[in-house]
Structure formats: C-alpha cells, structure tokens
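In: when you get a sec, could you give me coordinates for this:
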Amino acid sequence: MSSSVSPSHNVFVYGSFQEQAVVGLILECTPVIVSAQLHGFHRYRLKGRLHPCIAPSETGVINGKVLTGLTNAQLENLDMIEGAEYERKTVEVVLTDTSEKMQVAAFIWANKDDPDMYGEWDFEVELIRLQEWKRLYMEKFIEASKKFIEWKKNPNGRTREEFEKFVHEDPPMA
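Out: Here you go, the predicted model:
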C-alpha cells in the first residue's frame, strides 16, 4: 500500500544547518524556516570539528531554527549527514515568534560523556566568526555536501565510511 501523500517532518537545527545556503544544498531546496528555542540542552563545541553537538543539560537553552515540512527523503539526507554520532530524537521547542510549543526531531550527540565536547558553540557569536569560517571552510563544506548528494544518488560501491573520511578531513587553510 502506498500513499501519494508523504508525511511531513519538522527538524530543530542549531549549527551549520541554520545557514540557508547549507540547508538548501543538503535538502535540494530551502524549506520554511522558523526560529525556536530548545530548553534542557547545551550546545557544545567539538574538538577538531566545524560543527557543534547538543547534549542534555538541566539549565541549558539553545536558540536555533526549525526546518518545517521536510519529506522522508530530506530527513534521510539529514540522517546520513549526521551519521551514527548523532541520535535523532523527538524534543519540544518553543517557537520564538508565537511562544507556541512544537514537537520536532533534533539530532542529539550520542556520547553525552564525549571528552571532545567542550565550551559553548553559540550561533550568534559564530556569526561574528562567520566571515572567517566562510573564507576558510565554506568551500570545503559545500564540496563535501555536493559529494554527499552525488554519493547518495550513485554510491558506485563506495561506503558511508569513505564519504565520512572526506567530510572529516582537515579543512584547507587559507
């Protein structure tokens, strides 16, 4: 039995996927994006990584975005990009504009005791660093994202591990 209507998914994002250029490339379109807060979590930096992770924290509040109306295929793209280091879980966010509560998916760091987690990754602070990030890393990130989309469409025997190796290679320094 198949249905012509596919379910719609809403996903809370808190790192690079807040950037429309990045999310548009990964999802192959730009969804409706709304601002939201996630309570009870902390956003950490990860040693050697360009992206953050989140883990439970009693007093934490994370400002982020909700990508709305995603298809199963788009959700699968996010699952594959995030990989096994993240677990997709349902969380409750509060929409910034309306204070409405919404159940959404979020990618939570699987190893909450990971020694590579440290400090705080704040998107607003990162905006100040964004120009430097774009200069140093955006090209690498977009290249990795394009390779992911190509790989997903036609793996040609290449494994997920080969793709992940490319993503985790040190970014080029300018």
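
In: I figured Val91 hits Asn10, correct?
Out: No. Counting by CB atoms under 8 Å, Val91 does not reach Asn10; the two are 10.6 Å apart. Every C-beta, even on glycine, is put in place using the N, C-alpha and C of the backbone.

In: residues contacting stretch 10-25, please?
Out: 26, 30-31, 33, 36, 38, 43, 50-52, 54, 62-70, 75, 78, 91, 93, 102-107, 121, 123, 141-142, 145-146, 149 (CB atoms under 8 Å, 6 or more residues apart in numbering).

In: from those, which ones fall inside strands?
Out: 33, 36, 38, 43, 54, 62-70, 91, 93, 102-107 (DSSP state E).

In: any chance of a PyMOL selection covering the buried ones in these?
Out: Per 16 or more other CB atoms under 10 Å, the buried members of these correspond to this PyMOL selection:
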select buried, resi 36+38+43+54+62+64+65+66+67+70+91+93+102+104+105+106+107
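
In: give the buried residues for the longest helix along the chain.
Out: Criterion DSSP state H: the longest helix present in the chain is helix 139-153. Within helix 139-153, the residues scored as buried using 16+ other CB under 10 Å are 140-141, 144-145, 148, 151.

In: mind giving me the packing neighbours of that helix?
Out: helix 20-27, helix 72-82, helix 160-168 (3 or more CB pairs under 8 Å, 6 or more residues apart in numbering; DSSP states H and E).

In: okay, it in PDB with CA atoms only?
Out: Only the C-alpha atoms of helix 139-153 are listed here, as PDB (Å, rounded to 0.1, in the frame of the first residue of the first chain):
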ATOM      1  CA  GLU A 139      34.100  25.900   0.100                       C
ATOM      2  CA  LYS A 140      35.100  22.600   1.800                       C
ATOM      3  CA  PHE A 141      31.700  22.200   3.500                       C
ATOM      4  CA  ILE A 142      29.900  22.800   0.200                       C
ATOM      5  CA  GLU A 143      32.200  20.500  -1.600                       C
ATOM      6  CA  ALA A 144      31.600  17.800   1.000                       C
ATOM      7  CA  SER A 145      27.800  18.400   0.800                       C
ATOM      8  CA  LYS A 146      27.900  18.100  -3.000                       C
ATOM      9  CA  LYS A 147      29.900  14.900  -2.800                       C
ATOM     10  CA  PHE A 148      27.300  13.600  -0.300                       C
ATOM     11  CA  ILE A 149      24.400  14.300  -2.700                       C
ATOM     12  CA  GLU A 150      26.300  12.600  -5.500                       C
ATOM     13  CA  TRP A 151      27.200   9.600  -3.300                       C
ATOM     14  CA  LYS A 152      23.600   9.200  -2.200                       C
ATOM     15  CA  LYS A 153      22.300   9.200  -5.700                       C
END
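
In: for Ser8, which non-adjacent residue is spatially closest?
Out: Gly69 (4.8 Å; CB to CB, 6 or more residues apart in numbering).

In: no further queries at this time; thank you.
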